[in-house]
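Enquirer: Quick one: sequence plus predicted model below, questions after.
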Amino acid sequence: MRRALARAARAIDGERRARGVAIDARARATTTTRTRTRDDGDGGRARARALATTPSREDDGRRGEIAIDRSGLRRALEGRARAGDAREEGTRGGLLGHLERAMKFAGGSIPVSEYVRECLTHPEYGYYMRDADVFGKKGDFVTSPEISQVFGELIGVWAALQYEALGSPDTLRIVEFGPGRGTLMADLLRGTRKFAKFRDAVSVHLIEVSPALRKTQAKTLRCGELETTAAGGNARFVVPKNVLENETDATGDAGGSSGDAPVGEAHTRGKSEINGAEVFWHDGLESVPRGPTLVICHEFFDALPVRQFQRTERGWCEKLITIDSGLVAEDGEDVSGESSGASRRDLEMVLSPGPTPASHMLVSRRLKGIPKEKADSLRLIELSPPSMTLWDALVDRIEKNSGAVLAIDYGEEGPLGNTLEAIKDHKFVHVLDSPGEADLSAYVDFGALRQIVEEKPQSGVKCYGPVTQQQLLLSLGLVPRLEKLVENASSEAQADELVQGCERLVGDGAGDPESGVAPGMGSRYKAIAMVSRGLPKPVGF
C-alpha cells in the first residue's frame with residue numbers, strides 16, 4: 001500500500017509540474033489533428049441530455065419573435081404512418097422512417113441539429129430514451145465520475161466553496177444537467193455530508209428527459225419511494241420539431257423566465273438517504289424554484305445539437321441531411337466527407353442552395369467575436385444554438401438569483417469546424433449510420449459560450465476559463481484526497497485501482513489501446529465557469 005501511495009504521489013505531482021504551456025500546446029495539437037481516441041469508455045457523456053429543455057422566453061418586451069410550430073402536424077402524420085393507413089410502399093420504419101417523413105414534410109432535408117436531436121431524444125426511438133444502459137463497459141462509454149469517486153467528491157469541494165462565497169445562504173439549489181446514472185451527484189452529497197450548514201441548505205434538482213435514467217438516478221441517490229407531482233402525472237415527453245423556435249434566442253438576447261417565478265413544477269421528487277437532501281426531477285430549468293443556485297454541466301454541452309455551415313461562393317451555406325438524394329458536393333465528395341465512390345447510405349449530407357436564415361443569424365454573430373483575419377480564413381464553422389441559448393439562460397438565472405455555473409467537457413476555444421462524431425460499442429462509426437443506436441456528440445466551442453457573457457456586461461456575471469480538467473482537479477485537492485483514500489484502502493489492489501483512476505483523470509498520455517492503457521483526460525477535458533456579480537474567481541481558474 002505504501003508503494004502504491006508513493007507511486008501515486010510521484011505520478012500526480014509529475015503531472016502537476018508538467019502542466020502549463022506544454023500541456024496546453026499538446027492539447028491544442030491533439031484536438032487540431034483530431035487524434036482523440038476513446039477506449040472502452042473515455043470521452044463518454046454522463047447524461048441523457050435534456051436537448052429540448054432550454055427555457056422558452058415569454059414575451060418580456062425585449063424582442064418580438066415569429067415562429068411556425070409544425071410539430072403537431074408532423075406528429076399526426078407519424079401517427080398515421082404507424083397505424084398503417086398512410087404508409088407508402090417501401091416506406092422505412094423506426095427512426096429512419098420518422099426521419100424520412102420529417103424530411104418530406106420539411107421539403108426534402110433537415111438541419112444537422114434536428115437530426116442529432118431526433119437521434120438522441122426521440123420519445124420512442126431516441127438513443128437516450130432506451131431502457132438499455134449506455135454507460136460503462138457494457139454500454140458505449142464511461143465518464144469521469146464512473147472512473148473514480150474522487151471526481152464527484154472534488155466537485156463537491158467546488159460546490160461548498162461557492163456556497164461559502166455566496167455567504168452561506170439558508171437554501172441552495174444544486175442543479176445538474178444530464179446526470180447520467182447519478183454517480184457524480186451521489187459522490188458530491190456523500191463527500192459534503194459532514195458540512196452541516198451546507199448539507200442542510202442543499203436541495204438537488206436534476207434535469208433529465210430519460211425515464212429509464214431517472215429510475216437509475218433515484219436508485220443511485222438512494223431516494224427510496226418517489227412522489228409524482230401533478231406535473232409528473234400529466235407529463236409527456238415532447239421534443240420540439242420547429243428547430244428555429246428553440247434556437248431563436250441564440251441569435252439575440254436570450255433569456256427566459258429562469259430568473260422570475262418558476263414555470264410549472266418538478267414532476268418527481270424524493271429524498272436522498274445519503275445526506276437527507278430533497279431531490280427533484282425536472283424537464284427543464286424553468287421549473288427550478290428561485291434562490292441561490294449552483295449549476296453543474298458535466299459532459300452535457302457536447303451532446304446538444306449543432307448546425308454546420310460551409311463558406312462557398314454563394315455565401316455561408318448550411319449542411320443539411322436528406323435521404324436517397326444521390327447528391328454530392330461540388331468537389332466530387334459527399335459533404336459528409338465520404339468519397340462519392342463509397343457505398344451509398346440511406347442518409348446523406350448536402351449543402352443548402354444558398355445561405356439559410358440560420359446561417360445569416362448565427363454565423364455573423366460568432367464571427368464578430370474573433371479577429372477579422374481569422375474569420376476571413378474560415379471555411380467551415382460549427383455552432384450549437386441550444387448550447388448558446390442555455391448558457392444565456394444560465395447567465396440570466398445567476399444574475400437574478402446569484403450563484404455559479406461549472407461546465408466540464410471536451411472542446412476548444414473555437415470556432416470549430418466539423419467535430420460531430422458517433423460512438424457505438426466503444427468504437428467510432430459514421431454519424432449517419434444506425435440513427436438512434438449510436439451516441440452523437442460534438443466538441444464544445446468554449447469561446448462561443450464566453451462570448452455570450454461578454455455581450456452582456458450589464459449582468460455583472462463573470463466568465464472564467466477554459467482551464468484543463470487537470471488544473472481544476474489538482475487545485476481542488478486531488479493529491480491529498482487520493483493520499484487519504486490510499487492510506488485507508490483495504491488492500492493493495494484497491495489502492496492501485498484508486499491510483500489508476502486518478503492518474504487517468506489528470507493524466508495527458510495518449511494511451512495504448514493494444515495493451516489496454518486508457519488515454520489521459522487531464523488536458524483533453526476542460527472546464528469553464530460563471531459566477532454572479534461580486535463573487536471572487538472560483539478556485540481552479
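Expert: Done, it's in. Numbering: from 1, shown residues only.

Enquirer: Excluding chain neighbours, what is closest to I370?
Expert: Distance criterion CB to CB, 6 or more residues apart in numbering; nearest residue to I370, sequence neighbours excluded, is P415 at 6.4 Å. The way it works is simple: take the backbone N, C-alpha and C, and place the C-beta from them, glycine included.

Enquirer: swap in I274?
Expert: Nearest non-adjacent residue to I274, counting by CB to CB, 6+ apart: L189, 4.5 Å away.

Enquirer: Wait, that neighbour touches A277, no?
Expert: Yes. Between L189 and A277 there is a contact under CB atoms under 8 Å: 6.1 Å.

Enquirer: Show me the common contact partners of the two, please.
Expert: Residues touching both L189 and A277 by CB atoms under 8 Å, 6 or more residues apart in numbering: V202, V204.

Enquirer: Next, the distance between the ends of stretch 164-181.
Expert: 28 Å (CA to CA, to the nearest Å).

Enquirer: ditto for stretch 437-454
Expert: Distance between the two ends of stretch 437-454: 38 Å, counting by CA to CA.

Enquirer: list the contacts for V279?
Expert: Applying CB under 8 Å, 6+ apart, the residues near V279 are S203, V204, H205, L206, A218, L221, C223, R269, G270, K271, S272.

Enquirer: ok, back up a step: quick one: neighbours of the residue nearest to I370, just the number.
Expert: By other CB atoms under 10 Å, the residues close to P415 number 21.

Enquirer: List the residues that contact it.
Expert: R366, L367, I370, L378, I381, E382, L383, D445, G447, A448 are the contacts of P415 under CB under 8 Å, 6+ apart.

Enquirer: how about the helices of the stretch 101-250 of the chain, start to end?
Expert: 112-121, 144-147, 149-165, 183-192, 196-201, 211-220, 230-234, 243-247 (DSSP state H, counting those that start in this stretch).

Enquirer: Need these in TSV (columns: distance to R101, mean neighbour count and mean pLDDT).
Expert: Shown next, in TSV, are these (distance: least, CB to CB, whole Å; neighbours: other CB atoms under 10 Å; pLDDT from 0 to 100):
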stretch	distance to R101	mean neighbour count	mean pLDDT
helix 112-121	11	25	92
helix 144-147	37	24	87
helix 149-165	42	22	97
helix 183-192	38	24	96
helix 196-201	49	15	96
helix 211-220	24	19	92
helix 230-234	27	12	53
helix 243-247	16	22	42
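
Enquirer: Now flag whichever of the contacts of P415 is closest to P519.
Expert: Among these, D445 lies closest to P519 (CB to CB), at 22.2 Å.

Enquirer: K526 versus the residue lying closest to the closest one once chain neighbours are set aside, what's the distance?
Expert: Nearest in space to D445, with sequence neighbours left out and distances taken as CB to CB, 6+ apart, is G414 at 3.6 Å. As judged by CB to CB, to the nearest Å, G414 and K526 stand 12 Å apart.

Enquirer: ditto for D439
Expert: Computed as CB to CB, the D439 to K526 distance reads 20 Å.

Enquirer: so how far does stretch 285-301 reach from one end to the other?
Expert: For stretch 285-301, the end-to-end distance is 15 Å (CA to CA).

Enquirer: ok now do the residue nearest to I274, which residues does it touch?
Expert: G156, V202, V204, L221, S272, I274, N275, A277.

Enquirer: how about a cut-off of 10 Å?
Expert: Listed by CB atoms under 10 Å, 6 or more residues apart in numbering, the contact partners of L189 are 152, 156, 159, 174, 182, 199, 202, 204, 221-222, 272-277, 279.

Enquirer: Fine, thanks again, bye for now.
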